[in-house]
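[1] build me a model from this:
(one chain, ligands or ions: 1)
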Amino acid sequence: MSDVLMPGLYIVATPIGNLGDLSPRAAHVLSNAAIVAVEDTRVTAGLFRHIGIKRPMIAYHDHNADRVRPGLIERMGREAVALVSDAGTPLISDPGYKLVRDARAAGHAVVTIPGPCAAIAALTLAGLPTDRFLFIGFLPAKAGAKAEAIAEVAAIRATLVLYESGPRLAATLALLAEKLGDREAAVTREITKKFEEAVTGTLSALAARYAEAAPKGEIVVVVAPPGEAAPASVEDADTALAEALTRLPASKAAGEVAKRLNLDRRELYARAMEMKK
Ligand code: SAM
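    Here you go, the predicted model:
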């Protein structure tokens, strides 16, 4: 690898615990960047010590990003500017997307150096379907907004992945069980670190377990997609049909209920005619 980096923005993923996960390419870019934008200089200084480098750093976080960004954009026209977060992949529940957006708008090269990401690592541990998943980051802290955010994704046919903290875990699992139904889930914790674990079970069983003692460390929750909906019962169909018949002629009522409950239209029409007798 040549030591000289082209000018531009380099998005560099860093370890989420085990420093051995820093890729050689990530180390190379960090060693040769003109400046590294970091969330917390003390955290990244630890990583630099690990690979034996010293590079200029500039803090780039939620509280100063708007002020710092224009200077970084200007510099990446003539130098290599790297972006890291405290751990994992920048931009994933971390700052950075506006830097990428503005870098592109200014015509600068944007290069990614992929690597660890807690959400993806958790999916590999959970033993739940991975063909479709939805990452929902951190849920809102306030109870009402949190319940609303969960209700919003309840019908989505995908595995859900979310970040959570130990003290809030049990309440979040209980709310997930209430709003999503008691699905299978996994609580993954301290991934790539000494006490890495993945505990699986239903949401309610996991909620009960963690209500006894809040776990320490960093956590990702993975929740199974909704199961196949149970077919509507005869009673459900009759109730829906009776209600629809108060508004619609039999054929339209049968059509509406068939669509809503995924039932056979002709059978419902016959039933509607019986009910009308
Ligand atoms: N950008 C990071 C990434 O790529 O995963 C995520 C940053 S977000 C601010 C931090 C959250 O990620 C933590 O609160 C935790 O939920 C999750 N996390 C980070 N490292 C983790 C680890 N080693 N084990 C489990 N979860 C982790």
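
[2] contact partners for residue 111?
    Residue 111 is in contact with 8-11, 29, counting by Cβ atoms under 8 Å, 6 or more residues apart in numbering. C-betas here are computed from N, CA, C, even on glycine.

[3] try 6 Å this time
    8, 10 (Cβ atoms under 6 Å, 6 or more residues apart in numbering).

[4] which neighbouring elements make contact with the top helix by length along the chain?
    Assignment by DSSP state H gives helix 166-180 as the longest helix of the chain. The contact analysis (3 or more Cβ pairs under 6 Å, 6 or more residues apart in numbering; DSSP states H and E) places helix 166-180 against helix 203-212.

[5] hang on, the earlier thing: quick one: mean pLDDT for the longest helix of the chain?
    Helix 166-180 carries an average pLDDT of 97.

[6] residues touching it, excluding its own?
    150-151, 154, 164, 203-204, 206-207, 210-211, 214-216.

[7] let me know the closest of those to residue 237.
    residue 154 (23.1 Å; Cβ to Cβ).

[8] which parts of the stretch 1-150 of the chain sit against the ligand?
    Residues of the stretch 1-150 of the chain that fall close to the ligand, judged by Cβ under 6 Å from any ligand atom: 16-17, 85, 87-89, 92-94, 117-119.

[9] go again using 8 Å as the cut-off
    Counting by Cβ under 8 Å from any ligand atom, the stretch 1-150 of the chain comes close to the ligand at 13, 16-17, 85-94, 116-122, 137-138.

[10] narrow those to those in strands?
    Taking DSSP state E, the ones among those that sit in strands are 137-138.

[11] show me the residues of the stretch 1-150 of the chain next to the ligand that map onto helices.
    Those of these lying in helices (DSSP H): 118-122.
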